[in-house]
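Peer 1: Please work out how this folds:
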Amino acid sequence: RAGGVNKFLNLWSDDPEEFLLDLGFGYDEPDLSGRIPTRFLHYQSKARGITVQVFLDAQKNRLDLENPDVGSKCTF
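Peer 2: Residues are numbered from 1 along each chain as shown. The predicted structure is shown next:
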């Protein structure tokens, strides 16, 4: 019985990201920007509210707050 518990606990010493990928959670996605139609990026929306630039600025601000080292390297 102790051997079974130790074997189970040893599973947790693996890389958590690799473990989740092996279970089928997530996968390497190619660059998603290629899936966005260019008309969404080249033309100003007529809808009121958020714009692409407002969204990107908000994302950068969030990154700056959560992890200043990563946020300062953000290029979008």
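
Peer 1: Spell out the residue ranges of the helices in the chain.
Peer 2: For the chain, helices defined by DSSP state H occupy the ranges 2-11, 16-22, 38-42, 52-66, 68-71.

Peer 1: avg pLDDT for the first one?
Peer 2: Which is helix 2-11. Helix 2-11 comes out with an average pLDDT of 68.

Peer 1: What of the shortest one?
Peer 2: Per-residue pLDDT values over helix 68-71 give a mean of 65.

Peer 1: hang on, the earlier thing: may I see the helices of the chain arranged in CSV, with mean neighbour count as well?
Peer 2: For the C-beta atoms, the positions are set from N, CA and C on the backbone; glycine is no exception. Formatted as CSV, the helices of the chain follow (neighbours: other CB atoms under 10 Å):
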stretch, mean neighbour count
helix 2-11, 8
helix 16-22, 11
helix 38-42, 8
helix 52-66, 12
helix 68-71, 11
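
Peer 1: May I have the predicted confidence score for residue 35?
Peer 2: Value listed for residue 35 in the pLDDT field: 73.

Peer 1: dump the residue contacts of it.
Peer 2: For residue 35, the contact set (CB atoms under 8 Å, 6 or more residues apart in numbering) is empty.

Peer 1: ok, residue 66 to residue 14 distance?
Peer 2: Residue 66 sits 26 Å away from residue 14, going by CB to CB, to the nearest Å.

Peer 1: if I look at the residue lying closest to residue 45 once chain neighbours are set aside, how far off is residue 57?
Peer 2: Leaving aside its sequence neighbours, residue 45 sits nearest to residue 51 (CB to CB, 6 or more residues apart in numbering; 6.5 Å). Separation of residue 51 from residue 57 (CB to CB): 9 Å.

Peer 1: With residue 16 instead?
Peer 2: 31 Å.

Peer 1: circling back: and the residue nearest to residue 45, how far from residue 21?
Peer 2: Taking CB to CB, one finds residue 51 at 35 Å from residue 21.

Peer 1: ditto for residue 4
Peer 2: For residue 4 relative to residue 21 (CB to CB), the value is 25 Å.

Peer 1: try residue 40
Peer 2: Here residue 40 is placed at a distance of 30 Å from residue 21 (CB to CB).

Peer 1: cool, residue 46 as well?
Peer 2: 41 Å.
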